[in-house]
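[1] Provided below are the primary sequence and the corresponding predicted coordinates.
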Amino acid sequence: MSAPSVSEDVMHRLHYYRTVGGLPAHVDERGRIAVRIGGNVRAFVMVEYWGYRVRDELGELCLHGPMIWHPVRRLTMLTRAYPDEDRTRAFEEIVRQTDSVLVEPGHSIVLPTPGDSGRGWITPVRDMFRPSMVTALAALTECVSRGCR
C-alpha cells in the first residue's frame, strides 16, 4: 500500500509550523497536519465560552499563544510543558468545573491544514511563543473566579 499523496500547500504549511512555530508537526495518515503532545508542547482544550475568555485574559498581558477553533465549539490552546508539581488540585478542579481537558503526552492534536475546513486558527502560529500551561490555567481560574458566565 502506498502512502497518501500530500499537496504542496500542506508541505509548505508543515514546514512553517516546524520552522516558525517550533512545533514537531507531521502529516498523519489522513493527510492532515498534526502535532504530538509531549516534550515542550502541551495542549489545553476548552469549551468555546471559556476559550475566548482565556484568550482575552492572556491578550491583556500580551501573551497571544496559538489557539485553534474546532467545529464542535471547542478551542485548543497550545502551551509549553509544565512540571508535574504545578498540576495542583485547584487546577484539576478548574479543569473539571469548566469541562476542559489537558491533553496528555502521547496524544496528537490536528492543526489547521490547507484543504481541511474542520478547524482554523483563532490566534495563528506566528513564532515559537506558547504560554505556559500554568499561565493558561491561571487565566482560566481568574475568569471563573470573576464569574464571567
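    Cool, got the structure. Numbering: from 1, shown residues only.
[2] so what secondary structure elements neighbour the worst-scoring helix or strand of the chain on mean pLDDT?
    Every helix and strand in the chain was compared by mean pLDDT, DSSP states H and E; the lowest is helix 89-97, with a mean of 88. For helix 89-97, the packing partners by 3 or more CB pairs under 8 Å, 6 or more residues apart in numbering; DSSP states H and E come out as helix 133-145. Glycine gets a C-beta too; all of them are placed from N, C-alpha and C.
[3] and the angle from the helix it packs on to helix 89-97?
    On the basis of axes from the mean of the first three to the mean of the last three CA atoms, to 10 degrees, helix 133-145 is oriented at 60 degrees to helix 89-97.
[4] where's stretch 141-149 relative to the chain centroid, distance-wise?
    21 Å (CA atoms, centre = their mean, to the nearest Å).
[5] which outside residues touch that stretch?
    50, 53, 54, 57, 90, 91, 94, 97, 98 (CB atoms under 8 Å, 6 or more residues apart in numbering).
[6] which of those residues tops the neighbour count?
    Greatest neighbour count in those, by other CB atoms under 10 Å, goes to residue 54: 29 neighbours.
[7] my guess is residue 106 contacts residue 42. True?
    No. Applying CB atoms under 8 Å as the test, residue 106 and residue 42 come out as separate, 11.6 Å apart.
[8] just want to know which of these two has more residues nearby.
    Applying other CB under 10 Å to residue 106 and residue 42 shows that residue 42 carries more neighbours, namely 22 against 8.
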